[in-house]
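Novice: the sequence and its predicted three-dimensional model are supplied below.
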Amino acid sequence: MDGNVARAHSLNEAHALTKGYMLYGRTVRQSSEKSVDTVTINKFRDNLHEHVEKVVSEHEPLKVSRRNGEDFVVMSAEDWAREQETLYVLQNQSLMTQIARSSETHAASRGHRPAEEQVSEVDCI
């Protein structure tokens, strides 16, 4: 099997394991079916503090609609950084291949088996 076929095969298996979908040739895990809350720009402006607190504390983005312009999304800096990291991983072919191989190893129960003392050491942390 050549490299491209093997890579496609690995990504298809990863897709099945994660119940994801393909995006730009990468397997992407689907998030929950929950839709993003939306408010008008006027309601957002009137209750700015409350909306920002909710976005930050609940880690859920908020879509703000404008009558005469494009909508925009408000999210916490922590969530934005997490999204950027996810995009980096999805765009990195080497990491995606490593993840697919790891999923295959896990599914086949062929991975590293730590010694009891190693497990105990981790349990103490």
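Specialist: All right, it came through fine. Every value quoted in this text rests on a predicted model; they were computed, and no experiment measured them.
Novice: where does pLDDT dip in this structure?
Specialist: 1-34 (pLDDT under 70).
Novice: quick check, central residue of it?
Specialist: For the chain, the residue lying nearest the average C-alpha position, counting by Cα atoms, centre = their mean, turns out to be Thr86 (5.5 Å).
Novice: doesn't that one belong to a helix?
Specialist: Yes. Looking at Thr86 with DSSP: H, G, I helix; E, B strand; the rest coil, it is inside a helix.
Novice: I'd like to know how far it sits from Leu48.
Specialist: To Leu48, Thr86 is 28 Å away according to Cβ to Cβ, to the nearest Å. In this view, the C-beta of every residue, glycine as well, is placed from N, C-alpha and C.
Novice: from Glu104, how far off is Arg82?
Specialist: From Arg82 to Glu104 the distance is 26 Å (Cβ to Cβ).
Novice: compare those two (neighbour count), which wins?
Specialist: Per other Cβ atoms under 10 Å, whichever of Arg82 and Glu104 has more neighbours is Glu104, with 16 against 13.
Novice: and that one, what element?
Specialist: helix 93-107 (DSSP states H and E).
Novice: show me what counts as buried in that helix.
Specialist: Buried residues in helix 93-107, counting neighbours by 16 or more other Cβ atoms under 10 Å, are found at 96-97, 99-100, 103-104.
Novice: what's downstream of it, the next helix or strand?
Specialist: The C-terminal neighbour of helix 93-107 among helices and strands, as given by DSSP H and E, is helix 116-123.
Novice: how far does that next one sit from its chain's centre?
Specialist: How far helix 116-123 lies from its chain's middle: 29 Å, per Cα atoms, centre = their mean, to the nearest Å.
Novice: what does stretch 114-122 give?
Specialist: On Cα atoms, centre = their mean, the centre of stretch 114-122 falls 29 Å from the chain's centre.
Novice: doesn't Gln98 make contact with Val89?
Specialist: No. Using Cβ atoms under 8 Å, Val89 makes no contact with Gln98, being 9.7 Å away.
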